[in-house]
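**Q** Pasting the sequence and the predicted model now:
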There are 2 protein chains.
Amino acid sequence: MSRAERRPTLADVAAEAGVSTALVSIVMRGTPGASAETRSRVLAVAQTLGYHPDSRARLLRSGRSRLLGVVFGVQHAFHGDLVTGLYTAAERIGYELTLSAVTPQRDESRAIAGLLQDRCEALILLGPQSPERELVLLAGRLPVVVLSRGVRDSAVDVVRNAEAEGVHQAVDHLVALGHHRIAHVDGGRAAGAAERRRGYREAMRRHGLAETARIVPGGLTEEDGAAAGRALRTDPPSAVCVFNDRCATGLLDVVRRAGLTVPGDLSVVGYDDSRLARLAHVDLTTVAQDAAVMTSLAVARAADRIAGTPARPREVIVHPRLVVRGTTGPAKR
Amino acid sequence: MSRAERRPTLADVAAEAGVSTALVSIVMRGTPGASAETRSRVLAVAQTLGYHPDSRARLLRSGRSRLLGVVFGVQHAFHGDLVTGLYTAAERIGYELTLSAVTPQRDESRAIAGLLQDRCEALILLGPQSPERELVLLAGRLPVVVLSRGVRDSAVDVVRNAEAEGVHQAVDHLVALGHHRIAHVDGGRAAGAAERRRGYREAMRRHGLAETARIVPGGLTEEDGAAAGRALRTDPPSAVCVFNDRCATGLLDVVRRAGLTVPGDLSVVGYDDSRLARLAHVDLTTVAQDAAVMTSLAVARAADRIAGTPARPREVIVHPRLVVRGTTGPAKR
DNA sequence: TTGAAAGCGCTAACAT
DNA sequence: ATGTTAGCGCTTTCAA
């Protein structure tokens, strides 16, 4: 199993094909300026030699990297959806993605530092935790687009959801089904939680239900949802809007084990439209964030900033939509 | 917010500090060969100029990238754990990681091609789907370490779990609790499923329970588990070993809604010890794969291959262990 | 301890 | 359509 001693270079291909390196370069990049005959011969040689261009040398020479750095949370399921969309969007406009994960042992600044060394032309940060001043500092060095988090400073571009609006839709839906005692299990200090909480209060007030509004401490995880479910057992409302899908499934599990039926005794709405919610046996009514739209906006914005195109508005709001499934139904009597 | 026109280079720092670029290079790398005085002056200049070395140029010149390419599935929760471990292990021995994701729109060969362009020195593939011959071809170009999948060809290094052994432990545990009618919900054609199925058969035979062995078609997802749960409802066994944790939670959901108690009426064992299993309200007895061990082995193996150190055995087997939680209990009467 | 000079593999300007 | 030449920013001999 002999491994090639040295990877073949442009020069090797050129020598083998009997042409100049410049010509091989032209062929490899698919740029016009080579005869069809030469093109196919060079390609054939490259193929047999197992030649692959060295992107580092390429980028070093051309001065640009056409690289978009992405910081994501390796735990975070929704980030998976976003990364998927980012790849697609970046490819469409001729950019590559460099991924840098945040893990329990590798914090955000480490992840970012790695990308800076790679000479990314812009950074796309998914729900970053860094303090705002660090993001602003970073934005002084290169374009920064933040997803799923608000940033006040004008140096940073933002693409995010109209969080409150999603909750409005959820509450409207529940009210239309005849519910009045609608509770909200919140997300604590998680990104977006404050806004969703506000959305809940607004919607309840708008329906004249401010009196029955009830906010239960929740969180991001199934665990948090389970705790909230236990807290609700003594005096259950007829419907509940939960911070996210994971939390909602935890809650569902607990209330069902307590003997309540869903949506008979309790209607439940999640948030995210994660794969979890779509599972047939979960079948959770939820608020969908459009990952495809968010990511293509983010990539487009990054590209604009790199190109120096004035991009306005700085903050793009994506509108969520309610996906009605099986966990919501008419209020009893 | 003015953005720097051009990033400062080594030459800029050298000029500003009044020394040669070679000397700055020495200082920046922390290599011996510069006076303490020069060192601090150069460092100060670099600091004020906001100089960051260009890793591409650096790697191009030094001929090595010290880069390990990792292919992972964005969807796959356990891959998140593995990536976490890989970062830690790689850092320990002075390698960097380059991540390349497989998404619904971006297949494995695309992910691998990207890494090859980046001049990774070795590839670590998490549960790859590519046909074996492609992996072998790849291994002809650079060291390849495969995790969580067996590969017969001797060109590819493998780190994987003793899948069958995990199921042995699960069955032993259930038998010790007095169970006889133990079913297995399998993983179909998923990676590792055949082995786990075999492990189940072996264990049942060893306990003289070959007669009562029963394999129910399952799969990887909650959905599959739910279907298996429905299939079991008519004639439920007293215990069931499920292919993985996700599938197990789907099954749990269905059987509980059908009125069975766990572990009173039915004991359930999962596989993976995913975060899911550890949740307090799920509290699933499961078979743990040690991600930390697997990843440090994989990284060490990759480094050995890169260094040309003979690495034996080619296939490293990591032993799983049963984690007993709340979904298993004594058989009735 | 420091500097001069020669590339790493590639692309871009300019010739031919 | 093809070749020549000059670097990109850095590291690495080799000399001083």
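**A** Received the coordinates, thanks. It should be emphasised that the depicted structure is a prediction, and the values quoted were computed from it without experimental measurement.

**Q** where does the stretch 1-150 of chain A have low pLDDT?
**A** Along the stretch 1-150 of chain A, the model assigns pLDDT under 70 to residues A:1-5.

**Q** how about the helices in it?
**A** All helices of the stretch 1-150 of chain A, identified by DSSP state H, counting those that start in this stretch, fall at A:10-17, A:21-29, A:36-49, A:55-62, A:77-92, A:108-117, A:132-139.

**Q** Summarise which helices and strands the last one is packed against.
**A** The reference is to helix A:132-139. Under the contact definition 3 or more CB pairs under 8 Å, 6 or more residues apart in numbering or on different chains; DSSP states H and E, helix A:132-139 sits against strand A:144-147. Glycine gets a C-beta too; all of them are placed from N, C-alpha and C.

**Q** packing partners for the strand it packs on?
**A** If you count contacts as 3+ CB pairs under 8 Å, 6+ apart, strand A:144-147 packs onto strand A:122-126, helix A:132-139, strand A:157-161, helix A:291-307.

**Q** Is the first one positioned near chain B?
**A** No: counting by CB under 8 Å from any CB of the partner chain, chain B is not contacted by strand A:122-126; separation bottoms out at 11.1 Å.

**Q** So what are the sheet partners of that strand and their directions?
**A** Each strand that strand A:122-126 pairs with, and the sense of that pairing, follows from DSSP bridges: strand A:67-73 (parallel), strand A:144-147 (parallel).

**Q** Adding mean neighbour count and distance to DNA strand D, write those out as TSV.
**A** Written out in TSV, the entries for the strands paired with strand A:122-126 read as follows (neighbours: other CB atoms under 10 Å in any protein chain shown; distance: least, CB to the nearest atom of the strand, whole Å):
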stretch	mean neighbour count	distance to DNA strand D
strand A:67-73	25	15
strand A:144-147	26	22
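
**Q** if you average pLDDT over stretch A:235-247, what comes out?
**A** Taken as a whole, stretch A:235-247 has a mean pLDDT of 95.

**Q** coming back round to it: export the strands paired with strand A:122-126 to a markdown table and tack on distance to DNA strand C?
**A** Formatted as a markdown table, these follow (distance: least, CB to the nearest atom of the strand, whole Å):
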| stretch | distance to DNA strand C |
| --- | --- |
| strand A:67-73 | 14 |
| strand A:144-147 | 25 |
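
**Q** Please identify which of these is closest to residue B:60.
**A** Nearest to residue B:60, of all the strands paired with strand A:122-126, is strand A:67-73, at 15.4 Å by CB to CB.

**Q** Could you report the neighbour count for residue A:35?
**A** When neighbours are defined as other CB atoms under 10 Å in any protein chain shown, residue A:35 has 10 of them.

**Q** Tell me the spacing between it and residue B:271.
**A** From residue A:35 across to residue B:271, the span is 59 Å (CB to CB, to the nearest Å).

**Q** Please apply the same query to residue A:314.
**A** 48 Å.

**Q** my guess is residue A:160 contacts residue A:315, does it?
**A** Yes: between residue A:160 and residue A:315 there is a contact at 7.2 Å, judged by CB atoms under 8 Å.

**Q** just to revisit the earlier point, with neighbour numbers in mind, choose between residue A:314 and residue B:271.
**A** Neighbours of residue A:314 and residue B:271, each counted by other CB under 10 Å, are more numerous for residue B:271; the result is 29 against 13.

**Q** quick one, what contacts the more buried one?
**A** Residues counted as contacts of residue B:271 (CB atoms under 8 Å, 6 or more residues apart in numbering or on different chains) are B:166, B:167, B:170, B:196, B:241, B:242, B:243, B:244, B:245, B:248, B:286, B:287.

**Q** And the second one, what's its pLDDT?
**A** In the predicted model, residue B:167 carries a pLDDT score of 97.

**Q** And for it, the neighbour number?
**A** By other CB under 10 Å, 28 other residues sit near residue B:167.

**Q** host element of it?
**A** Per DSSP states H and E: residue B:167 is located in helix B:163-176.

**Q** so how far is that helix off the chain centroid?
**A** 23 Å (CA atoms, centre = their mean, to the nearest Å).

**Q** Would you mind naming what in the stretch 51-200 of chain A lies close to DNA strand D?
**A** In this structure, the stretch 51-200 of chain A approaches DNA strand D at residues A:57, A:60, A:61, A:63, judged by CB under 7 Å from any atom of the strand.
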